[in-house]
Each structure stands twice: as structure tokens, then as C-alpha cells.
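Engineer: Generate coordinates for the sequence data below:
(one chain, ligands or ions: 2)
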Amino acid sequence: MADCLFCKIAEGTIPSTKVYEDENVLAFRDIEPQAPEHIIIIPKNHIASANEITAENSAVIAKIYEVAAKLAKELGFADKGYRIVNNCGEDGGQTVGHIHFHLLAGRNLQWPPG
Ligand code: AMP
Ligand code: ZN
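Structural biologist: Numbering: from 1, shown residues only. Ligands and ions are numbered 1, 2, ... in the order given. Take a look at the predicted model:
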């Protein structure tokens, strides 16, 4: 989609520090990390937010969770723990209008979130 930051990252027209890529999913390091490990995982196809998940496109969301589990093992924080976060809409704190999942690890994450 034109003028979508994460579509441009998926296309490679905006650079990113990739940690995983396949036909449908891309994972890259967050530019402003909120934890020692902070990775963004996206579907390459544009889905605006969690509100747009349907029976037709939800397979990629399952794949994103598979990728998160794989990265947690590879990067060595699976046993210690981590958090997967999806912010949806204004009250959810979503700032980029292409669905993405934050994979956060490397420190004791607090609850509840702010
Ligand atoms: P959210 O607030 O949930 O929409 O998350 C958007 C995330 O994208 C934030 O954590 C930003 O730091 C991150 N971000 C924005 N621009 C870039 C970029 N060019 N490369 C990597 N991460 C980015
Ligand atoms: Zn997009």
C-alpha cells in the first residue's frame, strides 16, 4: 500500500535490520527499542490492524507467532520469557497503520502496561 511505512520496509525501499524473512513474514529490529531485545514482526501484505483480521487472512497471524517462537529460541530468551504485543487503534497506542507484533525480551517487563 502506498505511503505505508511497513509496506515500504517489506518491499525493501526503506531499510531495516532484518532478523527473519520468508515469503509472507518479515521480522526486523525496532528503531527505538523499549527492551534489550525489541523485534517487530509483520505480514508482508498490508493488513491495517487487528480489526482487519478475517478468516481469509488469519493464517499469516499464526505464522507470525511461529516466527516469534523460533526467534525466541534462536536469540536465547525463550526460557527466560518474553512478551508479544499488538497495539490496535488510537487507545491501543498503534502509531503505524500496518499490523505488527512487538517481540520484547531481555528485561523483567512490568504489568499492567501504561
Ligand atoms: P506501534 O506504536 O505499536 O504502532 O509501534 C510502531 C513501532 O514501530 C514503534 O516501536 C517504532 O519504534 C517502530 N518503528 C517506527 N519506524 C521504524 C523503522 N523505520 N524501523 C524500525 N522500527 C520502526
Ligand atoms: Zn502496509
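Engineer: Could I get the contacting residues of the closest residue to residue 9 other than its chain neighbours?
Structural biologist: Distances taken as C-beta to C-beta, 6 or more residues apart in numbering place residue 16 nearest to residue 9, at 4.7 Å, with adjacent residues excluded. Placement of C-beta: from N, CA and C, glycine included. Contacts for residue 16 were tallied using C-beta atoms under 8 Å, 6 or more residues apart in numbering; they are 9, 26, 28, 29.
Engineer: From those residues, which land in strands?
Structural biologist: 26, 28, 29 (DSSP state E).
Engineer: Out of these, which end up buried?
Structural biologist: 26, 28 (16 or more other C-beta atoms under 10 Å).
Engineer: Just send the ones in strands among the contacts of residue 16 back as TSV, with pLDDT too.
Structural biologist: Converted to TSV, the ones in strands among the contacts of residue 16 look like this (pLDDT from 0 to 100):
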residue	pLDDT
26	98
28	99
29	98
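Engineer: so which of the ones in strands among the contacts of residue 16 comes closest to residue 113?
Structural biologist: Among the ones in strands among the contacts of residue 16, residue 29 lies closest to residue 113 (C-beta to C-beta), at 20.9 Å.
Engineer: quick one: contacts for that closest one?
Structural biologist: Contacts for residue 29 (C-beta under 8 Å, 6+ apart) come out as 16, 17, 19, 38, 39, 40.
Engineer: who does it bridge with?
Structural biologist: residue 39 (DSSP bridges).
Engineer: Kindly provide the distance from it to residue 104.
Structural biologist: Applying C-beta to C-beta, to the nearest Å, the value for residue 29 to residue 104 is 12 Å.
Engineer: what touches both of the two?
Structural biologist: Joint contacts of residue 29 and residue 104 (C-beta under 8 Å, 6+ apart) are residue 38.
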